[in-house]
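*Asks:* let me see the structure of the following:
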Amino acid sequence: MILQLVKPQERYLSSVRQAVAEYKNAPSEYEIHAVSKMIKAADDNFATYFINTENESLGVNLKPGYVAHTVYWLIEGDKYIGTFDLRHNLTPYLENIGGHIAYQIRPSAQRKGYAVNGLKLCFEYARERRIERVLITCNEHNIGSYGVMRKLMLEMGGTEISPFTEDGVANRRVWINTQKK
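*Replies:* Down below sits the predicted model:
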């Protein structure tokens with residue numbers, strides 16, 4: 001099957017609802033905001049979720065301190081695999097915690113290479129926005145994400161910068177080129 005990143009669409013809701021059940025049964029301490037919003041939408045109303053994600057992509061009705069960002073769903077066939085959230089620019093806070101891209105793979109699809117492949121697809125959208133390198137961050141204890149970041153940094157080119165520590169927890173930070181050099 002071919003992987004693709006798409007903006008959230010109603011046609012994938014059956015699979016998304018299955019993934020939401022997985023997320024609820026196996027909660028992650030590293031859950032990203034885009035997945036939290038999707039879980040809430042499954043309990044409430046996806047129509048509002050679709051409107052909000054589109055508005056946030058356009059920079060409309062953003063909370064103070066937030067930047068425009070586009071939510072993408074990683075899809076294989078008709079199956080939802082994960083969520084990728086591409087921030088269009090960085091604030092000083094995002095330079096330390098958050099970076100350009102946040103992502104989360106549904107529990108049943110983890111450790112199968114989807115994060116690496118999804119990020120590569122997300123890099124295409126970053127390049128369209130003239131983002132030549134992206135900053136990706138993760139909690140020092142999130143070994144899986146750190147492995148993904150390092151793998152892409154070595155493959156695509158990039159640099160790891162010193163961790164940012166807040167409340168005694170270090171956040172690893174890696175700049176990755178969006179196009180192989």
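
*Asks:* the residue most central in space within the chain is in what secondary structure piece?
*Replies:* In the chain, the residue lying closest to the centroid (CA atoms, centre = their mean) is residue 103, at 2.4 Å. Assigned by DSSP states H and E, residue 103 belongs to strand 101-105.

*Asks:* over to residue 86?
*Replies:* Going by DSSP H and E, residue 86 is part of strand 79-87.

*Asks:* now stretch 131-143 - C-alpha only, PDB.
*Replies:* Output of stretch 131-143 as PDB, limited to C-alpha atoms (Å, rounded to 0.1, in the frame of the first residue of the first chain):
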ATOM      1  CA  ILE A 131      11.200  25.600   5.300                       C
ATOM      2  CA  GLU A 132      14.500  24.200   4.300                       C
ATOM      3  CA  ARG A 133      15.200  22.600   7.600                       C
ATOM      4  CA  VAL A 134      12.900  21.600  10.400                       C
ATOM      5  CA  LEU A 135      13.400  21.400  14.100                       C
ATOM      6  CA  ILE A 136      12.100  18.300  15.800                       C
ATOM      7  CA  THR A 137      12.200  17.900  19.600                       C
ATOM      8  CA  CYS A 138      11.300  15.200  22.100                       C
ATOM      9  CA  ASN A 139      11.500  14.500  25.800                       C
ATOM     10  CA  GLU A 140      14.800  12.800  26.700                       C
ATOM     11  CA  HIS A 141      12.900   9.700  27.900                       C
ATOM     12  CA  ASN A 142      11.100   9.300  24.500                       C
ATOM     13  CA  ILE A 143      13.700   6.900  23.100                       C
END
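
*Asks:* list the buried residues of it.
*Replies:* Using 16 or more other CB atoms under 10 Å as the test for burial, stretch 131-143 gives 131, 133-139, 142. Every residue, glycine included, has its C-beta placed from N, CA and C.

*Asks:* also stretch 165-179?
*Replies:* Buried-residue list, stretch 165-179, by 16+ other CB under 10 Å: 171-178.
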